[in-house]
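**Q** no sequence on this one, just coordinates:
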């Protein structure tokens, strides 16, 4: 079974600054997918960024980027130029290889991020 | 763009009652997932369906059952409700494509908030 660990229950950052959220995981799979989801106060689950394990290049989506270290089983999220709207709970998630339909997402415990003005 | 629809959005039940949650996936999506998120917790996978067949199963209590219908909508039936069943229940949908990793992205609905009194 896969496990996902987020060691930072809460973090805060000043507006316009950069913050990094940590995530580690444990799996015996060689091919898999990793995700960061954002859950604002509305409780909607919003996909922020995803990474395929077979790709060495780190994924980037505008102000969001990841540092994927496969050997270390680490998957951190960097938010640049933090905005007030980034205030939310952030979940790291793991998914088994895509060749099976209906694969579940395994989530970490979440990191609550507060962006301060 | 059409999103995942869940109904009802809020539901209040008494202990030992039954509840039915409904999920309407994004058009053309053939896979449905159910997740349970307790207060202050990360989402936990319950069950998934692909083409109306159960695909993956997580920590779903025996008191719960689910199915996917011919029009791809899904229903989660919960019986003998307990106080601990109070949670936000997410449905997500995806389009399964063998080899199409990006198209297996799970799109989440807004959730159904179930309160058991």
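**A** Thanks, I have the structure now. Since this is a predicted model, take the numbers as computed values, not measurements.

**Q** and whichever residue of chain B sits closest to chain A, what element?
**A** Closest residue of chain B to chain A, CB to the nearest CB: residue B:55 (2.7 Å). (C-beta placed from N, C-alpha, C; glycine too.) Per DSSP states H and E, residue B:55 falls inside strand B:53-57.

**Q** tell me what that strand is packed against?
**A** When contacts are defined as 3 or more CB pairs under 8 Å, 6 or more residues apart in numbering or on different chains; DSSP states H and E, strand B:53-57 packs onto strand B:44-50.

**Q** Tell me which residues of stretch B:11-25 come out buried.
**A** Neighbour counts using 16 or more other CB atoms under 10 Å in any protein chain shown place B:11, B:13, B:19, B:21, B:23-25 of stretch B:11-25 among the buried residues.

**Q** could you list every residue that touches residue B:76?
**A** B:20-21, B:23, B:34, B:46-47, B:64-66, B:89, B:91 (CB atoms under 8 Å, 6 or more residues apart in numbering or on different chains).

**Q** Recalculate using a threshold of 6 Å.
**A** By CB atoms under 6 Å, 6 or more residues apart in numbering or on different chains, residue B:76 lies in contact with B:21, B:34, B:66.

**Q** swap in residue A:37?
**A** Shown in contact with residue A:37 (CB under 6 Å, 6+ apart): A:45, A:47, A:91, A:93.

**Q** In strands only, show me the buried residues of stretch B:11-25.
**A** Those of these mapping onto strands are B:11, B:13, B:19, B:21, B:23-24, per DSSP state E.

**Q** Also within reach of chain A: list those from these.
**A** Filtering those for neighbours of chain A using CB under 6 Å from any CB of the partner chain leaves an empty set.

**Q** pLDDT score for the residue most central in space within chain A?
**A** Centroid-nearest residue in chain A: residue A:36, 2.8 Å away (criterion: CA atoms, centre = their mean). If you check residue A:36, the pLDDT there is 97.

**Q** Make sure it is indeed in a strand.
**A** Yes: assessed by DSSP: H, G, I helix; E, B strand; the rest coil, residue A:36 belongs to a strand.

**Q** hey, what's it bridged with?
**A** Beta bridges link residue A:36 to residue A:49, residue A:92, judged by DSSP bridges.

**Q** That one: what's it in contact with?
**A** Contacts of residue A:36 by CB under 6 Å, 6+ apart are A:48-49, A:77, A:92.

**Q** between the residues you listed, which is nearest chain B?
**A** residue A:92 (9.3 Å).

**Q** quick one, what contacts that closest one?
**A** Residue A:92 sits in contact with A:4, A:6, A:23, A:36, A:108, where contact means CB under 6 Å, 6+ apart.

**Q** you'd agree residue A:51 is in a helix?
**A** No: going by three-state DSSP, the assignment for residue A:51 is strand, not a helix.

**Q** What are the boundaries of the strands in the chain?
**A** You didn't pick a chain, so chain A it is. Using DSSP E, the strands of chain A run over A:3-5, A:10-14, A:19-21, A:24-26, A:33-39, A:46-52, A:60-61, A:64-69, A:74-79, A:88-95, A:105-107, A:111-116.

**Q** The chain in question should be chain B.
**A** Under DSSP E, chain B gives strands at B:5-7, B:10-13, B:19-24, B:31-37, B:44-50, B:53-57, B:64-68, B:74-78, B:87-94, B:107-108, B:112-116.

**Q** among the ones you listed, which gets the worst mean confidence?
**A** Across the strands of chain B, strand B:53-57 has the smallest mean pLDDT, namely a mean of 90.

**Q** and that strand, which residues are buried?
**A** Across strand B:53-57, burial judged by 16+ other CB under 10 Å covers B:55-56.
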